[in-house]
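Undergrad: coords please:
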Amino acid sequence: MTDTELLIVRHPETEANVEGRFVGRGDGPYTERGRRQLDLLVTRIVEFEPGVVWSSPLARARRVAEAAALACGVPLTVDLRLRELDFGQAEGLTWSEIEDAGFHFDYRSRSLPVAPGGESREDIEARSAAFADSLVEWGGRHAVCTHGGVFRAMLVHLLGLSTTDIWAFHIRNGAAAHVSVTDGHGMIEEFCIHG
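TA: You can find the predicted model right below:
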């Protein structure tokens, strides 16, 4: 089996993150801290020396990937599987706004949609695992710019943990995890928050 090195990156802080909004498929501007994190994450990816940079199609992750791929002189590939969880009717809302709207919201259930019209954890776990498995099969060094939900799901899958272990990881904006996979065994080499 081919050795694989992954640098998984969560996008920089956005205004929606600071406001406590559930933003899955939407987008929004970075905060001042987020703009600093953008530069730090690009620097970290360049230091990692990936052969390919992968990205969610959402601008808050893609901006990092585009700048890093350009700085590294490597291909950028956008993959739909790297999108954040679809929050359905909860998209763009805060906890209090969800309570005021009075609809069911449950991010702990594995099989039920997080909110009406949204995805389940099982959905995001399946697509994140399929993406991670394809990189492990190819081998080499890959930087992956994505979102908190995909980041957690990929870590749990690559490390061979239980799906309930996603709650063991607090993936903050600007987080980066270097994961190595050898003979099917994943190991965290480094985990840090930038900015």
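
Undergrad: any stretches of the protein with poor pLDDT?
TA: 1-2 (pLDDT under 70).

Undergrad: centre-most residue in it?
TA: For the chain, His147 is the residue whose C-alpha lies nearest the centre (C-alpha atoms, centre = their mean; 2.7 Å).

Undergrad: who are the neighbours in contact with it?
TA: Listed by C-beta atoms under 8 Å, 6 or more residues apart in numbering, the contact set of His147 reads Arg10, His11, Gly24, Ser56, Leu58, Arg60, Ala61, Leu82, Arg83, Glu84, Leu85. C-betas here are computed from N, CA, C, even on glycine.

Undergrad: just the ones in strands from those, please.
TA: Within those, residues falling in strands by DSSP state E are Arg10.

Undergrad: re earlier: from Leu58, how far out is the residue nearest to the centre of the chain?
TA: Using C-beta to C-beta, to the nearest Å, we find His147 at a distance of 7 Å from Leu58.

Undergrad: mind listing the strands in the chain by residue range?
TA: Using DSSP E, the strands of the chain run over 4-10, 52-55, 76-78, 140-146, 175-182, 185-193.

Undergrad: name the strands paired with the fourth one and say parallel or antiparallel.
TA: Under the criterion DSSP bridges, strand 140-146 sits next to strand 4-10 (parallel), strand 52-55 (parallel) in its sheet.
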